[in-house]
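Visitor: Provided below are the primary sequence and the corresponding predicted coordinates.
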Amino acid sequence: MPNCKIRFIRYDGLEGQIGTKMNIIKDISIYGLLHKMIEETKKVVSSQLRDFNALNPNTGKFDTVTEYPEFAWQEGVVNAVTHRDYSIKGEYIKIIMYDDRLEILSPGRLPNIVNINNLKYTRYSRNPKIARILSEFGWVKELNEGIKRIYKEMKEYFLDDPKFTEPNNNSLKLTLKNNIVMRRIRNTEQISSRFTKELWDSLSKHEIKAIELAYVNGKVTTKDLQEKINRGARTSRKVLDSLRDKGILIWNGTSINDPRQYFEIKK
């Protein structure tokens, strides 16, 4: 089938840049028989995932875990191959990896009987022959257990629930978020004693976004945060001042009107 390509893109950072700031560090196109494409995609994604040592509270020992549970992203790929709309010309499945999330985009909207709200519990098959063949190869499971298990696996990894959306009403996107920034910050020796799970959980989503920007870019300005959270300068400055007061960020500048002032994570 000429439209069955899978494209894997890895970005360095939290967003994709263009032009002179292009930050693509891996771009792989996968072709071939559908079941072979799934196998190859699994190898490609696996090679890009990072491992972390985490303390197992039940055993008291450190276990090695990946940033996403294997079943969650693998099932996302299988679902995309099985249920995408192959009649759409010039489009293909995209797997896009950022520092903080993995996105799997499948061409075609959900069928009429399925929507974002009932997707977890409603079984459907746009391509029953493909579903049957992939089932015989052991990739597709019955009883719609796949999506429910994605939720279960993400929860067991203490990660956010998977998020399904329909961008531009012409594709289905699965977003899996990791907690890479928190893990890295908490593993930094100088500040690990302050960045407890309790502190992290107490932060607002805007505060977390500010910390992510400061960590990834080395610093964060009011303007940077404005663009990221789509809020005004006053709100953004309030968020940064709050993190400074909590001893997480430090301010650098000569005065409140210094155009070069910025915040960075306190060492």
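Guide: Everything's here; your move. Residues are numbered from 1 along each chain as shown.
Visitor: going forward, measure contacts and count neighbours with C-alpha atoms only.
Guide: OK.
Visitor: okay, now Arg132: neighbour count?
Guide: 17 (other Cα atoms under 10 Å).
Visitor: how far away is it from Ile88?
Guide: For Arg132, the distance to Ile88 equals 21 Å [Cα to Cα, to the nearest Å].
Visitor: same thing with Val239?
Guide: Val239 is 44 Å from Ile88, where distance means Cα to Cα.
Visitor: ok, now Leu102?
Guide: 23 Å.
Visitor: So between these two, which is more surrounded?
Guide: Leu102 (18 against 12).
Visitor: next SSE after the host helix or strand of Lys223?
Guide: In this structure, Lys223 sits in helix 222-229 according to DSSP states H and E. Proceeding C-terminally, helix 222-229 gives way to helix 233-245 as the next helix or strand, assigned by DSSP H and E.
Visitor: now the angle from that next one to helix 222-229?
Guide: On the basis of axes from the mean of the first three to the mean of the last three Cα atoms, to 10 degrees, helix 233-245 is oriented at 110 degrees to helix 222-229.
Visitor: Could you check helix 233-245 and say which residues are buried?
Guide: 235-237, 239-241, 243-244 (16 or more other Cα atoms under 10 Å).
Visitor: ditto for stretch 251-267
Guide: For stretch 251-267, by 16+ other Cα under 10 Å, it's 251, 261-265.
Visitor: try stretch 224-232
Guide: 224-226.
Visitor: pLDDT (mean, whole number) over it?
Guide: For stretch 224-232, mean pLDDT rounds to 90.
Visitor: about what we covered before: would you check which pair of the buried residues of helix 233-245 lies furthest apart?
Guide: Using Cα to Cα, the buried residues of helix 233-245 span at most 14.4 Å, a distance reached by Thr235 and Arg244.
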